[in-house]
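Chemist: would you be able to build a 3D model of this:
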Amino acid sequence: MNLNNKIKISFAVLLLLLNTLSFKTLHGQIIPYKNPKLKVEERVDDLIQRMTIEEKVNQMLKLTLINLKQDKKGRITEESLEDLFNGESIGCLDPPRWDDLKGRAINVDGIARYSEAADQYLRKNTRLGIPAIQVELSGMHGQLASDATNFPQTIGQGSTWNPELIGRMAEVIAFEASLSGCDQAFSPLFDLARDPRYGRVEECFGEDPYLVAEMGKAFVIGMQGDPEITKDYIPDNHLIGTAKHYVGYCTPIAGINIAPVEVGPRDFRDLHLYPFEKAVREANVYSIMPAYNEVNGIPVHASEYLLRDILRKEFGFKGYVFADYGAVARLHYSHKLTANKAETAILALKAGVDQEGSNYAYSELVNLAKSDIEVEALVDEAVRNILAVKFRAGLFDKPYVAPKNISDLVHSKESVKLAREIAEESIVLLKNQNNLLPLNLSGLKSIAVIGPNANQVQYGDYSITKDNSSGITILEGIKNITKDKIQVNYAKGCGITDLDK
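Modeler: Just a heads-up that it's a prediction; the model follows:
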């Protein structure tokens with residue numbers, strides 16, 4: 001072989017080698033946003049530059065799994081998955097509440113089927129495989145599933161004055177909900193129960209800002225994990241926490257829920273902002289849900305001062321802002337600030353609302369961003385906030401696979417024992433005149449049990465069911481203890497929501 005032929009062959013081999021190396025660079029290495037060894041910021045940078053404006057805006061919207069259908073064997077149908085997602089990713093997903101096959105409130109195994117089917121579809125059937133955050137619609141005192149552990153409502157939790165106990169409870173809630181594929185819980189509340197007319201007192205820890213801050217912090221840390229860890233990631237069996245309702249929601253004019261709030265700067269700082277600052281600085285909460293109402297004339301979902309200047313710049317919040325359900329739409333039809341959906345979307349986006357929590361206005365941002373570089377930059381900012389949370393929550397690196405028989409893993413003896421412990425510590429006795437309690441049953445002939453909740457299972461709001469077959473009522477409990485040895489007289493009195501005067 002002459003020298004020229006050797007050179008030609010060597011050149012051909014070199015060219016083939018270069019092509020091979022180039023191919024490995026493109027196809028043999030992990031795509032940066034899928035590489036768990038890279039920093040979150042690097043992964044976000046890589047992913048967002050690959051996304052179309054439509055894919056970005058989809059991250060700012062939410063769908064519900066209620067629309068998925070099951071076949072006769074309980075499997076989620078491919079047709080319903082395609083109808084729901086249409087080959088596109090989404091920011092967040094609501095879970096189902098009802099099992100249409102069994103005709104009852106859904107249990108953890110049922111939720112898991114929906115979660116797994118949706119997660120697999122988004123990873124395999126969308127262009128970039130971006131997973132959704134699957135939310136738990138409450139989580140304040142247990143997962144919304146028929147067989148999950150039900151803890152006392154928040155007002156009872158606050159009455160324990162025991163943050164350590166509430167932190168343990170939040171850890172159990174996170175463990176049980178994460179088993180069925182949930183990634184985020186809309187809890188806890190950092191509102192103050194200052195007006196008994198305010199319709200959500202049961203969801204509050206109490207009226208004192210220090211108590212609310214300490215209990216709420218313990219809840220967030222129990223749910224998310226140690227703040228030193230969650231600076232980088234959320235550990236297994238934990239959830240994204242949501243501090244709500246930011247801010248001043250709980251003292252509306254005339255005590256009417258969602259009514260305007262008028263408050264001076266000192267009270268606003270010392271009472272209302274204080275617990276949220278603690279949640280951000282000391283518990284590293286990943287998500288904030290703004291309040292429906294306006295504060296001193298400006299709706300929170302439209303307030304750059306509250307969502308940007310205070311929350312992000314002053315408090316240092318690094319998570320994402322999730323609009324309360326329908327709150328962005330309210331800027332238009334309730335607060336009357338905007339003329340149309342496009343104006344509504346711009347107003348909320350500029351204020352700092354990252355995720356609409358529905359799909360009323362934000363889909364308008366697709367066309368707006370194509371013609372306005374400022375809007376495009378704001379969309380990118382919001383999507384970065386959302387994606388960063390998804391990466392830190394491990395969504396990209398841990399595809400959800402439903403464990404078998406999750407119902408056997410929840411509502412354990414230890415969880416029930418903890419729920420009882422919280423219930424016992426929540427009891428508040430204002431006065432025990434003449435040592436009336438505990439009742440001496442041997443000296444009693446009859447007991448009167450009066451009130452609409454006495455013969456009604458009442459776990460508190462945000463419970464999956466209040467069917468009497470799911471628990472024991474107060475009336476039943478008293479009868480079980482007295483064992484027909486004492487006459488028990490019952491009178492319903494008024495109805496819980498009756499208008500009868």
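
Chemist: count of neighbours near Gly129?
Modeler: Other residues lying near Gly129 total 15 when counted by other CB atoms under 10 Å. Placement of C-beta: from N, CA and C, glycine included.

Chemist: wait, it touches Asp119, no?
Modeler: No. The pair Gly129 / Asp119 is not scored as a contact, 10.4 Å apart, by CB atoms under 8 Å.

Chemist: show me the contact partners of stretch 164-179.
Modeler: Applying CB atoms under 8 Å, 6 or more residues apart in numbering, the contact partners of stretch 164-179 are 108, 112, 136, 139, 141-143, 145, 148-149, 151, 157, 160, 185, 188, 215, 218-224, 236-239, 403, 406, 409-411, 415, 418-419, 421-422, 425.

Chemist: mind giving me the ChimeraX select for these, buried ones only?
Modeler: ChimeraX command restricting the contacts of stretch 164-179 to the buried ones, with burial defined by 16 or more other CB atoms under 10 Å:
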select :108,112,136,139,141,142,143,145,148,149,151,157,160,185,188,215,218,219,220,221,222,223,224,238,239,406,410,411,415,418,419,421,422,425
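
Chemist: next step: the contacts of stretch 164-179 restricted to strands.
Modeler: Judged by DSSP state E, the contacts of stretch 164-179 include Glu136, Ala185 as members of strands.

Chemist: OK, contacts around Ala279?
Modeler: Contacts of Ala279 (CB under 8 Å, 6+ apart): Phe190, Ala213, Gly216, Lys217, Val220, Ala243, Val285.

Chemist: one more pass at 7 Å, please.
Modeler: By CB atoms under 7 Å, 6 or more residues apart in numbering, the contact set of Ala279 is Phe190, Gly216, Lys217, Val220, Ala243, Val285.

Chemist: partner residues bridging the fifth one?
Modeler: In this structure, Ala243 has the following beta-bridge partners (DSSP bridges): Ile288.

Chemist: grab the nearest non-local neighbour of Glu214.
Modeler: Pro163 (5.1 Å; CB to CB, 6 or more residues apart in numbering).

Chemist: quick one, grab the pLDDT at that neighbour.
Modeler: Note for Pro163: predicted pLDDT of 98.

Chemist: could you do His27 as well?
Modeler: 61.

Chemist: do the same with Asp467
Modeler: Model confidence at Asp467 (pLDDT) stands at 85.

Chemist: backbone dihedrals for it, please?
Modeler: phi -70, psi 130 (degrees, to the nearest 10).

Chemist: helices - which of the contacts of stretch 164-179 land there?
Modeler: Members of the contacts of stretch 164-179 lying in helices (criterion: DSSP state H): 108, 112, 157, 215, 218-224, 415, 418-419, 421-422, 425.

Chemist: pLDDT at the residue nearest to Met60 when sequence neighbours are not counted, what is it?
Modeler: Distance criterion CB to CB, 6+ apart; nearest residue to Met60, sequence neighbours excluded, is Tyr362 at 5.0 Å. Note on Tyr362: pLDDT of 98.

Chemist: in this structure Tyr362 contacts Val57, no?
Modeler: Yes. With contact defined as CB atoms under 7 Å, Tyr362 counts as touching Val57 (6.3 Å).

Chemist: gap between Leu179 and Tyr459?
Modeler: Separation of Leu179 from Tyr459 (CB to CB, to the nearest Å): 20 Å.

Chemist: of those two, who's got more company?
Modeler: Between Leu179 and Tyr459, Leu179 has the larger neighbour count (other CB under 10 Å), namely 24 against 17.

Chemist: where does Gln143 land on pLDDT?
Modeler: The per-residue pLDDT reported for Gln143 equals 94.

Chemist: for it, give me its contacts.
Modeler: Glu136, Ile173, Glu176, Ala177.

Chemist: which two in these are spaced the farthest apart?
Modeler: Glu136 and Glu176 (9.6 Å; CB to CB).

Chemist: low-confidence regions, the stretch 401-501 of the chain specifically.
Modeler: 501 (pLDDT under 70).
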